[in-house]
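**Student:** Below is the structure, and that's it, no one-letter string:
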Ligand code: FRU
């Protein structure tokens, strides 16, 4: 039986969804059915469909008591909404159903594992909440919360771990049929750690060990962990709060970290390499799945807590998911490529090779424009005796001062995204610079534009920069400029 709270949310979203036309949404990135979206939750495959749940506040475009929104897809690019899956309607989750994950049980039911929260000083504005891990079981549409919730409460925390920062369980099934989950936690040193739990049946859980410790290196609390084997490495993804920047890494305040290493004999994780997952502005809380053909695919919240104030009161929805990205690890580095099925959406190919830039003019190329586009660029120095000083690309441009720019300075090997002139009315973070490996002025870019975002894959996915733009979709122009001579190959497809 669905609670009144859930029934109300379902009625509300069905009505409000009709107020948003398809053109007002991203074309192939998932956005909330109505209202607010944050983290991806329960990203999984169930009965032949991809399921994506999300942190959801249907009633406004700001964060509020968390529900789980729900959508399904056959190709991870076209999504269909299902009714909201969870509402904060039980004693142990009355202030929010926070992030979590999902799997299929051997009996064919779908299991959701999430964090239930209850405020400890409900009247106070910044009241912290008690956080416990809970289950709900369902058929892919309707879910029943488990009568013995919470299944992992504060009593199953190791010594010193804070019961008020204990969230975001990621569950998986081992080859022997038993279950594991990892949960973000905050030990006595005030920085993050990841806890590992085990279960024979997915319902009764036992604390195993601390899987990884932050020891105050990357931010404070570690949120939204994911853990998997890829290309011979163990990979741990975490989203730390309150990070200090380190050189060109970790600039987001609330950022993402990819730790690459191996498991020790005692089961602990040993890190060998670390890096930011995304070098742009809007990317947080990624979750991964393994597709039936064995690919590791990641989707994140394409937004950042530090930049949510870009929104203005007239927004009908806020928050979107990133493109699904295929992951691999090479030489201790995470590579990301757009999901290959995106290529099936390519139409209207325009290609130019050896375009010479650097005459002082801004160059536009017939057919190279649009806000739903897949753009491939290869840059190389045009003059063997003199390295160019700067390359600059503008997109979402209207010729009247509105644009977002991507610029590259080969001398510094720095790539910069800047959306200051994207139509934002807010003075928030609009720029981010990434250091890319120096290759004598050569640079390869693949830029995926949807109506309200840009994802820039650098050098075959060695780095990615992601940012949202809320520019009027009629600003479709793309232009090129160079200071010094650059030779450029461009291929552009419309995505449909
Ligand atoms: C991360 C996060 C999670 C939490 C959720 C609440 O963005 O803070 O740790 O479960 O959002 O909406």
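**Tutor:** Yes, it's here. Just so it is clear, the structure is predicted and the values come from calculations on it, not from any experiment.
**Student:** so what's residue 325 up against?
**Tutor:** Contact partners of residue 325, counting by C-beta atoms under 8 Å, 6 or more residues apart in numbering, are 297-299, 336-339, 461, 464. For glycine as for every other residue, the C-beta is placed from the backbone atoms N, C-alpha and C.
**Student:** Residue numbers of this structure in contact with the ligand?
**Tutor:** When proximity is defined as C-beta under 6 Å from any ligand atom, the chain approaches the ligand at 38-39, 55, 66, 98-99, 115, 167-168, 223-224, 284-285.
**Student:** So which of the contacts of residue 325 belong to strands?
**Tutor:** 297-299, 336-338, 464 (DSSP state E).
**Student:** Relative to the ligand, which of these is nearest.
**Tutor:** residue 299 (13.7 Å; C-beta to the nearest ligand atom).
**Student:** Number of residues surrounding the closest one?
**Tutor:** Residues lying near residue 299 (other C-beta atoms under 10 Å) number 24.
**Student:** I'd say it and residue 286 touch.
**Tutor:** Yes: look at residue 299 against residue 286 with C-beta atoms under 8 Å: they come within range, at 6.7 Å.
**Student:** between these two, what contacts are shared?
**Tutor:** Residues touching both residue 299 and residue 286 (C-beta under 8 Å, 6+ apart) are 40, 322.
**Student:** partners of residue 71 in the sheet?
**Tutor:** With DSSP bridges as the criterion, residue 71 is bridged to residue 52, residue 81.
**Student:** and it, what is it in contact with?
**Tutor:** Contacts of residue 71 (C-beta under 8 Å, 6+ apart): 30, 33, 51-54, 79-82.
**Student:** so where do the helices sit in the chain?
**Tutor:** Applying DSSP state H to the chain gives helices spanning 4-17.
**Student:** can you list the domain ranges for it.
**Tutor:** Listed by automatic domain parsing, the domain ranges of the chain are 4-18+25-338, 347-495.
**Student:** Just put those in TSV and tack on mean pLDDT.
**Tutor:** TSV is the format used below for the domains of the chain (pLDDT from 0 to 100):
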stretch	mean pLDDT
domain 4-18+25-338	96
domain 347-495	96
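**Student:** And for residue 416, the neighbour number?
**Tutor:** Here the number of neighbours of residue 416 (other C-beta under 10 Å) works out to 17.
**Student:** Please report how far the closest residue to it other than its chain neighbours lies from the ligand.
**Tutor:** Closest residue in space to residue 416, ignoring its immediate chain neighbours: residue 433 at 4.6 Å, by C-beta to C-beta, 6 or more residues apart in numbering. Using C-beta to the nearest ligand atom, to the nearest Å, one gets 24 Å for the distance from residue 433 to the ligand.
**Student:** do residue 92 as well
**Tutor:** Relative to the ligand, and taking C-beta to the nearest ligand atom, residue 92 is found at 15 Å.
**Student:** next one: phi and psi at that residue?
**Tutor:** phi -90, psi 0 (degrees, to the nearest 10).
**Student:** Would you enumerate the residues in contact with the residue nearest to residue 416?
**Tutor:** Applying C-beta under 8 Å, 6+ apart to residue 433 gives the contacts 248, 414-416.
**Student:** Name the nearest of those residues relative to residue 379.
**Tutor:** Here the nearest of those to residue 379, counting by C-beta to C-beta, is residue 415; it sits at 10.7 Å.
**Student:** Help me confirm that that closest one comes into contact with residue 434.
**Tutor:** Yes: taking C-beta under 8 Å as the definition, residue 415 is a contact partner of residue 434 at 5.1 Å.
**Student:** Now the common contact residues for the two.
**Tutor:** By C-beta under 8 Å, 6+ apart, residue 415 and residue 434 have these common neighbours: 458, 465.
**Student:** Excluding chain neighbours, what is closest to whatever residue of the stretch 201-350 of the chain ends up closest to the ligand?
**Tutor:** As assessed by C-beta to the nearest ligand atom, the ligand sits closest to residue 223 within the stretch 201-350 of the chain, at 3.6 Å. With sequence-adjacent residues excluded and distances taken as C-beta to C-beta, 6+ apart, residue 223 is closest to residue 239, at 4.6 Å.
**Student:** now residue 459
**Tutor:** Here the residue nearest residue 459, using C-beta to C-beta, 6+ apart, is residue 444, at 5.2 Å.
**Student:** Over to residue 391?
**Tutor:** Counting by C-beta to C-beta, 6+ apart, residue 391 lies nearest to residue 408, which is 4.6 Å off, once chain neighbours are set aside.
**Student:** With the ligand as the reference, measure out to the one you found.
**Tutor:** Residue 408 is 31 Å from the ligand, by C-beta to the nearest ligand atom.
**Student:** and that residue, what does it touch?
**Tutor:** The neighbourhood of residue 408, defined by C-beta under 8 Å, 6+ apart, consists of 379, 390-392, 414-416, 436, 443.
**Student:** if we go to 7 Å?
**Tutor:** 390-391, 415, 443 (C-beta atoms under 7 Å, 6 or more residues apart in numbering).
**Student:** So which of the residues you listed wins on neighbours?
**Tutor:** Counting by other C-beta under 10 Å, top hit in the contacts of residue 408: residue 391 with 25 neighbours.
**Student:** Return the set of buried residues in stretch 408-419.
**Tutor:** Using 16 or more other C-beta atoms under 10 Å as the test for burial, stretch 408-419 gives 408-410, 413, 415-419.
**Student:** Stretch 8-22 now?
**Tutor:** Of the residues in stretch 8-22, 8-10, 12-13, 16-17 count as buried by neighbour count, 16+ other C-beta under 10 Å.
**Student:** As JSON lines, the contacts of residue 71 with neighbour count and distance to residue 262 would be great.
**Tutor:** Output for those, formatted as JSON lines (neighbours: other C-beta atoms under 10 Å; distance: C-beta to C-beta, whole Å):
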{"residue": "30", "neighbour count": "26", "distance to residue 262": "34"}
{"residue": "33", "neighbour count": "27", "distance to residue 262": "41"}
{"residue": "51", "neighbour count": "23", "distance to residue 262": "31"}
{"residue": "52", "neighbour count": "25", "distance to residue 262": "30"}
{"residue": "53", "neighbour count": "29", "distance to residue 262": "31"}
{"residue": "54", "neighbour count": "30", "distance to residue 262": "32"}
{"residue": "79", "neighbour count": "20", "distance to residue 262": "36"}
{"residue": "80", "neighbour count": "10", "distance to residue 262": "40"}
{"residue": "81", "neighbour count": "16", "distance to residue 262": "40"}
{"residue": "82", "neighbour count": "19", "distance to residue 262": "39"}
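**Student:** which one of these is nearest the ligand?
**Tutor:** residue 54 (9.6 Å).
**Student:** okay, now the closest residue in space to residue 254 that isn't next to it in sequence: neighbour count?
**Tutor:** Closest residue to residue 254 apart from its sequence neighbours, by C-beta to C-beta, 6+ apart: residue 305 at 4.5 Å. Residue 305: 17 surrounding residues under other C-beta under 10 Å.
**Student:** can I assume residue 305 is in contact with residue 256?
**Tutor:** No: using C-beta atoms under 7 Å, residue 305 makes no contact with residue 256, being 11.9 Å away.
**Student:** Could you name every residue contacting both of these two?
**Tutor:** With C-beta under 7 Å, 6+ apart, residue 305 and residue 256 have common neighbours residue 284.
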